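Engineer: here are the coordinates; sequence isn't available:
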């Protein structure tokens, strides 16, 4: 039998790290080399080989790789799966007209150290078409940094205070001039409604989101729910069939399903739905404004209002169908001379009109939000919330809750001034003072909860997230501050022995500042442990 330092068979090789001469290796071997014919029964042949080696005399060195009979496949952990799917969504090909799916999959699953190394090719090739279908149908938005406080104060006080109470029963249609806040207003209201429904259902696993589409056919990819409402943005209402409009605008209908190509689009009962469209009768708006300016009666008759919105509903030829639509949805018309709004009903009462304030832009978005909205449009991939977003969202949620429940809400105050405190004439300034719907303690508690939920939701989407531990807690009163323990680290010094055995403090102190006294548990425990360890060391040195 040969020693295990040289080749002993045609399929077994035992090697050494250092190179040796051929004569030296030949001198170390004794006997004749063996060639094993394993055949098809490798298990039986291996058992026979072990039996033979057990019966041989002398010292032996065996090197076997022991594996279980039924080896369990290695599975990916949850974080690795999430990173892999995120990698496919962000870097996967968006078209397959030149076999991109097959080539990209074959390259990535065999790339050493890749995000999807070792994944099944079938799983990756199934995920790529799914992402492609999502781009071809309705789009889901999960980031929106505007709240109800982003609107001008007079619009929130006059219009939203009459419309938002029935957003579970009626849809909202925004019609009028471009770049005036139609799409922004619909998305803001729907995001607030989505968050409100998620909080009411206690679904912490869901993120506030909405669905947008340019045609009702695109909603077949994702049905609208109460937690995920949708907006039919710039979808050419004048060319949509009347039956589709009735189904889309009727939120209280139990079964809302409309026809779509090769399929159907379904909307849950109570799911928020908005529509945005541009066409309206500009000449009718000019005539109405002339009459209103002379009479000073800021209302128009129902027939003039129908003429104003007729370009957006040209597909409705029957007056009964038009009455059915008017009973199903709230209407907000943003015109050149002002704003018209009508609450959904079967009555034909006068429709209110609000003229644009002088020396102000014809926009529903507050002037303080213009720059932030511009930055969002220029860099939509940079998802950064304003500093006051969580506080404004908490206020918006409480405002929406009171509106839906039917509680009374204090009025929003608007102050317009042309002079400063010294009586000097300046440019026209508008200050809005919103009512206090929550106590300071409740506001701060909601802000903390919003920050925590937002942080953990971001952890699911991105591998890294910054957790802000600073919380906007109330300042403690004098009585509360006295009851709190001293959070500063005491002065500790290294003792020095003198002739009389006394010690003097010559060390430097370290102060630890706690920005949030309500969140001091782990920090205070660490301070106590460090203090006890330091004092024990000082006592030992003194002894």
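Structural biologist: Structure's in. What do you need? As the structure is a prediction and not an experimental result, all values here were calculated from the model.

Engineer: list the contacts of stretch 37-54.
Structural biologist: Identification of contacts with stretch 37-54 by C-beta atoms under 8 Å, 6 or more residues apart in numbering yields 36, 60, 62. The way it works is simple: take the backbone N, C-alpha and C, and place the C-beta from them, glycine included.

Engineer: now that stretch, how far from the centre of its chain.
Structural biologist: 61 Å (C-alpha atoms, centre = their mean, to the nearest Å).

Engineer: so for it, mean pLDDT?
Structural biologist: Summarised as a single mean, pLDDT over stretch 37-54 is 79.

Engineer: cool, stretch 374-382 as well?
Structural biologist: On average, the pLDDT along stretch 374-382 is 86.

Engineer: please identify the buried residues of it?
Structural biologist: residue 376 (16 or more other C-beta atoms under 10 Å).

Engineer: can you name the next helix or strand after the helix or strand harbouring residue 284?
Structural biologist: Element membership for residue 284, per DSSP states H and E: helix 282-295. Per DSSP H and E, helix 282-295 leads on to strand 299-300 as the next helix or strand towards the C-terminus.

Engineer: how about residues contacting that following strand?
Structural biologist: Against strand 299-300 from outside (C-beta under 8 Å, 6+ apart): 288, 292, 308, 340, 350, 351, 352, 353.

Engineer: each with direction, which strands does it pair with?
Structural biologist: Paired neighbours of strand 299-300 in the sheet (DSSP bridges): strand 351-355 (antiparallel).

Engineer: the partner strand: how far from the chain's middle?
Structural biologist: The answer for strand 351-355 is 37 Å, by C-alpha atoms, centre = their mean.

Engineer: now it: mean pLDDT?
Structural biologist: On average, strand 351-355 scores 94.

Engineer: cool, and stretch 125-143?
Structural biologist: 82.

Engineer: pull up the distance across stretch 226-242, start to finish.
Structural biologist: 24 Å (C-alpha to C-alpha, to the nearest Å).

Engineer: pull out the buried positions in that stretch.
Structural biologist: Neighbour-count burial for stretch 226-242 flags 226-235, 237, 240, 242 (criterion: 16+ other C-beta under 10 Å).

Engineer: which residues does residue 409 contact?
Structural biologist: Counted by C-beta under 8 Å, 6+ apart, residue 409 has contacts 161, 399, 402, 403, 435, 437.

Engineer: tell me how far it lies from residue 342.
Structural biologist: 21 Å (C-beta to C-beta, to the nearest Å).

Engineer: thinking again about what came up before, just give me the closest of the contacts of strand 299-300 to residue 190.
Structural biologist: residue 340 (21.5 Å; C-beta to C-beta).

Engineer: correct me, but that closest one touches residue 350?
Structural biologist: No. Counting by C-beta atoms under 8 Å, residue 340 stays clear of residue 350, with 10.8 Å between them.

Engineer: the two: which is more packed in?
Structural biologist: residue 340 (26 against 15; other C-beta atoms under 10 Å).

Engineer: nearest residue to that one other than its sequence neighbours?
Structural biologist: residue 333 (4.0 Å; C-beta to C-beta, 6 or more residues apart in numbering).

Engineer: buried sites along the strand or helix carrying that neighbour?
Structural biologist: Secondary structure assigned from DSSP H and E places residue 333 in strand 329-334. Using 16+ other C-beta under 10 Å as the test for burial, strand 329-334 gives 329, 330, 331, 332, 333, 334.

Engineer: now what about it, what contacts it?
Structural biologist: When contacts are defined by C-beta under 8 Å, 6+ apart, strand 329-334 is touched by residues 159, 163, 166, 170-177, 180-182, 185, 249, 275, 280, 308-309, 339-344, 362, 364.

Engineer: just the buried members of those?
Structural biologist: Members of the contacts of strand 329-334 classed as buried by 16+ other C-beta under 10 Å are 159, 163, 166, 170-177, 180-182, 185, 249, 275, 280, 308-309, 339-344, 362, 364.

Engineer: of those residues, which belong to strands?
Structural biologist: If you go by DSSP state E, those have 171, 172, 173, 174, 175, 176, 275, 339, 340, 341, 342 in strands.

Engineer: how about residue 97, secondary structure?
Structural biologist: Of the three states, residue 97 takes coil according to DSSP: H, G, I helix; E, B strand; the rest coil.

Engineer: once you drop chain neighbours, what's closest to residue 179?
Structural biologist: Leaving aside its sequence neighbours, residue 179 sits nearest to residue 363 (C-beta to C-beta, 6+ apart; 7.6 Å).

Engineer: just checking, that neighbour touches residue 182?
Structural biologist: No. With contacts defined as C-beta under 8 Å, residue 363 does not count as touching residue 182, sitting 10.5 Å away.

Engineer: now for residue 131: which residues touch it?
Structural biologist: Applying C-beta under 8 Å, 6+ apart, the residues contacting residue 131 are 88, 89, 92, 94.

Engineer: OK, contacts around residue 282?
Structural biologist: Shown in contact with residue 282 (C-beta under 8 Å, 6+ apart): 335, 336.

Engineer: and it, how far is that from residue 308?
Structural biologist: Distance from residue 282 to residue 308, by C-beta to C-beta: 9 Å.

Engineer: can you pull the buried residues of the host helix or strand of residue 129?
Structural biologist: Using DSSP H and E, residue 129 maps to helix 121-136. For helix 121-136, the neighbour count (16+ other C-beta under 10 Å) marks 124, 125, 127, 128 as buried.

Engineer: what's the distance between it and the middle of its chain?
Structural biologist: With C-alpha atoms, centre = their mean, you get 22 Å for helix 121-136.

Engineer: now the element after that helix, going C-ward?
Structural biologist: Downstream of helix 121-136, the next assigned helix or strand under DSSP H and E is strand 139-141.

Engineer: so which elements touch that next one?
Structural biologist: Under the contact criterion of 3 or more C-beta pairs under 8 Å, 6 or more residues apart in numbering; DSSP states H and E, strand 139-141 touches strand 210-213.

Engineer: and the helix or strand just after the strand it packs on, how far out from the chain middle?
Structural biologist: As assigned by DSSP H and E, the chain's next helix or strand after strand 210-213 is strand 230-233. In terms of C-alpha atoms, centre = their mean, the centre of strand 230-233 is found 19 Å from the chain centre.

Engineer: ok, now stretch 201-209?
Structural biologist: For stretch 201-209, the distance to the chain centre is 10 Å (C-alpha atoms, centre = their mean).

Engineer: neighbouring contacts of that stretch?
Structural biologist: Under C-beta under 8 Å, 6+ apart, the answer for stretch 201-209 is 140-142, 144, 191, 194-195, 198, 226-228, 453, 457.
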